[in-house]
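**Student:** Okay, sequence plus prediction incoming.
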Amino acid sequence: MRWEVVGWGALALLLFAAEAMAPGAFMLWIGIGAAAVFLITALVPGIPVLWQVVAFVVLSVVAIQAYRRWGRTRGRESDKPLLNRRSEQLVGRVAVLQQGIVAGQGRVSIDDASWQVTGPDLAAGTPVRVVAVVNGVLQVEANG
């Protein structure tokens, strides 16, 4: 087998292995360019090395651009869209007022945190339902 064919095959495998060791979907596309040049040099003997390198660069850029255009734009739907938005996860929860709402301001304890709340004036100990979150402040209404 010719040395350039072996070299392109080894480069493709090395890039695929690098992608497997440190995934980021970048080395994969360059590896696809190397694999394509491997196939071309294996099927068409006598291509000068300079043209092989040019084909590798062009095919790698095309593979990366194809990924950026079609692969990344298709966002994956999360099964937990509120994962890092803790306060928004509280909408709909019922809790007991820790500190009564006076002049529209009060406090409620939910799970392991104390939250500032706004809503109609209510006495401490009243069960309230979280209806919205504005700037990290829970908006509540009397439950029931």
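**Tutor:** Now that the structure is in, tell me what you want to look at.
**Student:** What mean pLDDT does stretch 64-80 get?
**Tutor:** Stretch 64-80 comes out with an average pLDDT of 75.
**Student:** and if you look at stretch 119-126?
**Tutor:** Stretch 119-126 comes out with an average pLDDT of 91.
**Student:** Low-confidence bits of this structure, can you list those?
**Tutor:** By pLDDT under 70, the weakly predicted segments of the chain are 71-76, 82.
**Student:** In it, mark out all the strands, start to finish.
**Tutor:** 94-102, 105-110, 113-118, 127-134, 137-142 (DSSP state E).
**Student:** What is the first one packed up against?
**Tutor:** Which is strand 94-102. Using 3 or more CB pairs under 8 Å, 6 or more residues apart in numbering; DSSP states H and E as the contact test, the elements touching strand 94-102 are strand 105-110, strand 113-118, strand 127-134. C-beta coordinates here come from the backbone N, C-alpha and C atoms, glycine included.
**Student:** now, of the ones you listed, which is deepest in the fold?
**Tutor:** Sort the helices and strands packed on strand 94-102 by mean neighbour count, taking mean count of other CB atoms under 10 Å, and strand 105-110 sits at the top with a mean of 19.
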